[in-house]
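Peer 1: Here is a sequence with its predicted model. Questions after.
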Amino acid sequence: MTTYADHRLIDGRAVQARILNEVRDEFDRARESWPVGRLVSVSIGPSPEIEVYVRNQARGAERAGLPFEQQVWPADITQEECKRRIAEFNDDSDVLGIILQRPVPAHIHVRSLQSAIHPLKDVEGMNPASIGNIVYNDIALAPCTAAAAVELVRETGLKLEGLEVVMIGHSEIVGKPAAFMLMAEGATVTVCHHMTRSVAMHSRRADVVVVAVGKPHLIGPDMIKPGAAVIDIGINQVSDADGRLHILGDVDTDKVREVAGWITPVPGGVGPVTVAMLMRNALTAHKRQVASGWLRQETLQTC
Ligand SMILES: NC(=O)C1=CN([C@@H]2O[C@H](COP(=O)(O)OP(=O)(O)OC[C@H]3O[C@@H](n4cnc5c(N)ncnc54)[C@H](OP(=O)(O)O)[C@@H]3O)[C@@H](O)[C@H]2O)C=CC1
Ligand SMILES: Nc1nc(=O)c2c([nH]1)NC[C@@H]1CN(c3ccc(C(=O)N[C@@H](CCC(=O)O)C(=O)O)cc3)C=[N+]21
């Protein structure tokens, strides 16, 4: 197989560090004018898979200088009680943003809860209003993972205008918003899903391939144009022969890196940048809360 001199891994941890430093500096400045509240993470029921990224979010918040509160609600909590608690957070000016961790138990209607989070506190960009705004090219509060994918394409230095991008996977929280955001940046976007006749036929002619499916090693080197950028969003837990758990992306990284111009590793690629985008969204949410007078009344009361 040909090895291309220009292949390189994109270091998501370095991108994360840069963004978190910027966000931290901005929060330091913002605090001189207005109090900055805390982020509240809500998990419903125990879930080991959620724990990893909640821990990463907590670390990211610390590095951005933001208080982070982790709540775990009982697995048998009712939908009504969840909504009541979310409404309390909406009204609490010390709560900057609400993160509703997925998955939730089967009896909980997650979309309905996401709608209950006030758009000004929707730091994950999951409220239907936030997702709808993406159609209008208003991408300031976009879903963090989709935003991370776009950020990592920018990191390659490729000009997004006119770029041929193939998005593999079209879920509501990742693939669809990522496709819209890339369109907003001027890319020509093809979206593939499980009914696409030949994903390889599309991906092979793309300048950038973004993958969010959830199947380890779905994307091999024969599916990538030499020199293309590959953004691997997949996070799949697999156990090795000794029973130890590892995470793998959707891309066969070792083989694809021989062909690709740029590739994001897993771990150390999209995951850390997703956490950074969450903190950037928190900053945007704070600014919007100030601009809309949301924090004014409370501050006057405490003066
Ligand atoms: N790094 C991060 O921050 C995050 C990572 N993830 C990871 O990203 C991956 C995807 O997550 P998510 O979008 O929530 O997953 P979903 O299961 O919601 O969506 C998967 C998508 O892949 C499509 N698909 C399934 N099989 C194929 C196939 N063979 N070829 C092409 N498309 C296919 C599905 O299409 P259809 O609907 O037509 O079946 C669907 O649109 C997971 O590994 C998840 O862990 C998710 C969120 C955040
Ligand atoms: N409401 C909600 N918001 C989410 O943001 C959300 C979600 N639900 N459900 C599941 C996915 C998954 N996800 C990850 C984010 C970061 C890492 C991450 O930081 N990963 C590191 C380290 C992984 C490790 O330490 O094992 C890495 O890839 O390098 C992983 C996974 C967020 N998700």
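Peer 2: Structure received. Residues are numbered from 1 along each chain as shown. Ligands and ions are numbered 1, 2, ... in the order given.

Peer 1: Scan this structure for its longest helix.
Peer 2: When the chain is scanned for its longest helix (criterion: DSSP state H), the result is helix 270-291.

Peer 1: So which bits of it are buried?
Peer 2: 270-286, 289-290 (16 or more other CB atoms under 10 Å). The C-beta positions use only the backbone N, C-alpha and C, and glycine is treated the same way.

Peer 1: Mind giving me the packing neighbours of that helix?
Peer 2: Counting contacts by 3 or more CB pairs under 8 Å, 6 or more residues apart in numbering; DSSP states H and E, helix 270-291 packs against helix 12-31, helix 48-63, strand 95-100, helix 144-155.

Peer 1: To ligand 1, which of the ones you listed lies closest?
Peer 2: helix 144-155 (3.9 Å; CB to the nearest ligand atom).

Peer 1: Output the closest one in PDB with nothing but the alpha carbons.
Peer 2: What follows is helix 144-155, C-alpha atoms only, in PDB (Å, rounded to 0.1, in the frame of the first residue of the first chain):
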ATOM      1  CA  CYS A 144     -21.400  19.800  20.600                       C
ATOM      2  CA  THR A 145     -20.400  16.700  18.700                       C
ATOM      3  CA  ALA A 146     -21.500  18.100  15.300                       C
ATOM      4  CA  ALA A 147     -19.700  21.300  16.200                       C
ATOM      5  CA  ALA A 148     -16.600  19.400  17.100                       C
ATOM      6  CA  ALA A 149     -16.600  17.600  13.700                       C
ATOM      7  CA  VAL A 150     -16.700  21.000  11.900                       C
ATOM      8  CA  GLU A 151     -14.000  22.400  14.200                       C
ATOM      9  CA  LEU A 152     -11.700  19.500  13.300                       C
ATOM     10  CA  VAL A 153     -12.300  19.900   9.600                       C
ATOM     11  CA  ARG A 154     -11.200  23.500  10.100                       C
ATOM     12  CA  GLU A 155      -8.100  22.300  11.900                       C
END
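
Peer 1: List the buried residues in that helix.
Peer 2: Buried-residue list, helix 144-155, by 16+ other CB under 10 Å: 144-153, 155.

Peer 1: Quick check: residues of the stretch 1-150 of the chain near ligand 1?
Peer 2: Contact residues, the stretch 1-150 of the chain versus ligand 1 (CB under 6 Å from any ligand atom): Thr145.

Peer 1: I should have written the stretch 201-303 of the chain there, sorry.
Peer 2: Residues of the stretch 201-303 of the chain lying close to ligand 1 (CB under 6 Å from any ligand atom) are 212-214, 233-236, 270-271, 274.

Peer 1: ok, of these, which come out buried?
Peer 2: 212-213, 233-236, 270-271, 274.

Peer 1: At the geometric centre of this protein, which residue sits there?
Peer 2: The chain has Thr145 as the residue nearest its centroid, 2.0 Å off, counting by CA atoms, centre = their mean.

Peer 1: before we move on, back to that, got the buried residues of helix 144-155 as JSON lines, with pLDDT and distance to Ala179 columns?
Peer 2: Output for these, formatted as JSON lines (pLDDT from 0 to 100; distance: CB to CB, whole Å):
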{"residue": "Cys144", "pLDDT": "97", "distance to Ala179": "16"}
{"residue": "Thr145", "pLDDT": "97", "distance to Ala179": "13"}
{"residue": "Ala146", "pLDDT": "97", "distance to Ala179": "8"}
{"residue": "Ala147", "pLDDT": "97", "distance to Ala179": "13"}
{"residue": "Ala148", "pLDDT": "98", "distance to Ala179": "14"}
{"residue": "Ala149", "pLDDT": "98", "distance to Ala179": "10"}
{"residue": "Val150", "pLDDT": "97", "distance to Ala179": "10"}
{"residue": "Glu151", "pLDDT": "97", "distance to Ala179": "15"}
{"residue": "Leu152", "pLDDT": "98", "distance to Ala179": "15"}
{"residue": "Val153", "pLDDT": "98", "distance to Ala179": "12"}
{"residue": "Glu155", "pLDDT": "95", "distance to Ala179": "19"}
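
Peer 1: Okay, strands next: where are they in the stretch 201-303 of the chain?
Peer 2: Applying DSSP state E, counting those that start in this stretch to the stretch 201-303 of the chain gives strands spanning 208-211, 229-232, 236-239, 245-248, 262-263.

Peer 1: What residues does the chain have near ligand 2?
Peer 2: 52-53, 56, 100-102, 124, 144, 235, 247, 266-268, 271-272, 274-275.
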